[in-house]
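A.B. asks: below: sequence and its predicted model.
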Amino acid sequence: GDREIVGEAVRRQGGALEFASAQLRGERGLVLEAACREADALQWASAALRTDDAFILEAIGMNSDVMKHAPARMLADHSFVRQAVLKRGGSLQWASYDLRDDPRLVFE
């Protein structure tokens, strides 16, 4: 079915998520797989997944560059950014300017 075809496409190139149905763009496992391969694939995920803190943190755990597609409110949230940095230190580069310079965040 469509899930298998899209799944195979996403395994080859995460950006293939762009061409998936709205239903598949909301499927957590498929979107995680896409984002793991290619962080930019997150832009094609459903709004529900793109705004889900737990989902974004899970994806960051696989690919720190996912954080560049996180909503601004997450990038400016000390607690969220701290959790992201603990998962993948490279995610700090995508945090808000204020948090990137916050020594409490970097040295906690």
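C.D. replies: Good, I have the coordinates.

A.B. asks: so in the chain, where's the weakest helix or strand by average pLDDT?
C.D. replies: Ranking every helix and strand in the chain by mean pLDDT, DSSP states H and E puts helix 103-107 at the bottom, with a mean of 73.

A.B. asks: residues contacting the most centrally placed residue in the chain?
C.D. replies: In the chain, the C-alpha closest to the average C-alpha coordinate belongs to residue 66, at a distance of 3.6 Å (Cα atoms, centre = their mean). Residues counted as contacts of residue 66 (Cβ atoms under 8 Å, 6 or more residues apart in numbering) are 35, 39, 42, 56, 59-60, 91. Just so you know, the C-beta spots here come from the backbone N, C-alpha and C atoms, and that holds for glycine as well.

A.B. asks: same check, this time on residue 17
C.D. replies: Neighbour list for residue 17: 6, 10, 24-25, 30-31, 34, 41, 44-45 [criterion: Cβ under 8 Å, 6+ apart].

A.B. asks: now with 10 Å, please.
C.D. replies: For residue 17, the set of contacting residues under the criterion of Cβ atoms under 10 Å, 6 or more residues apart in numbering consists of 6, 9-10, 24-25, 27, 30-31, 33-35, 37-38, 40-45.

A.B. asks: separation between it and residue 83?
C.D. replies: With distances taken as Cβ to Cβ, to the nearest Å, residue 17 is found 24 Å from residue 83.

A.B. asks: which of the contacts of residue 17 are buried?
C.D. replies: In the contacts of residue 17, burial by neighbour count holds for 6, 9-10, 24-25, 27, 30-31, 33-35, 37-38, 40-42, 44-45, counting by 16 or more other Cβ atoms under 10 Å.

A.B. asks: sorry, back to before: which of the contacts of residue 17 fall within helices?
C.D. replies: In this view, these that belong to helices under DSSP state H are 6, 9-10, 24-25, 30-31, 33-35, 37.
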